[in-house]
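any chance you could fold what I've pasted below:
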Amino acid sequence: MNNSKLNSLKKLQWLDWGTLCIGVKGLPGVSIDPADISDYACNKINEVDEENDVFISVAELAYCNEISDETLKHLERLAEWDNIDIHLSARKWRLVSFMRLLENLNDDYIYALLDLNSFWNQWEGTDTPDVVQGVGNNMNPSEFYSMANFKEVMLKNKKWIDDETNAIKKAMKQP
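Modelled structure (predicted):
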């Protein structure tokens, strides 16, 4: 898997049929290649009994060479079979995408604040640490686009990462 976000999900042991399914359906900055699906299915095929009716879906995905409606139907079926919470899958992608953003954040704090705001505007959720100048605060542009505010925003974002990681692990019942 050459996809760095997928690799992050795999490393966290969060890659599953649901994350692949919601990734194929489309999320900001998320792309899934047919090879990613095929690789995952090939790794999972031995875990499914041939007598199980979902074996055919896993086998079909092991030979995935394009993303089609049929591919999506197989992924949806497997996510349902595994009782995957698709909303939780989207949260996993959001967290991994955000961590990747922070790894590549612009060195200039003004542009970094703009990049952070742009990221949060693309992702749904009321639980984000996003702060917009003049929205719910009395900050003028010079206060908002300052190094002091950038440091405060970064602390909030890093706390959000810790809280979100723990919430996802708890929802998955991971230690």
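
was I right about Leu27 contacting Lys92?
No: Leu27 lies out of contact with Lys92 (Cβ atoms under 8 Å); the separation is 10.2 Å. Glycine gets a C-beta too; all of them are placed from N, C-alpha and C.

neighbour-wise, which of these two wins?
When Leu27 and Lys92 are compared for neighbours, Lys92 comes out ahead with 26 against 20, by other Cβ atoms under 10 Å.

skipping its backbone neighbours, what lies nearest the more buried one in space?
Excluding its sequence neighbours, the residue lying closest to Lys92 (Cβ to Cβ, 6 or more residues apart in numbering) is Trp14, at 4.7 Å.

how much space between the one you found and Ile84?
Distance, Trp14 to Ile84, using Cβ to Cβ, to the nearest Å: 11 Å.

pull the number of nearby residues for Tyr40.
25.

for Val58, same thing?
23.

for Asn52, same thing?
11.

quickly find the element holding it.
Counting by DSSP states H and E, there is no helix or strand that carries Asn52.

and it, its phi and psi?
Phi and psi for Asn52, reported as degrees, to the nearest 10, are phi -70, psi 140.
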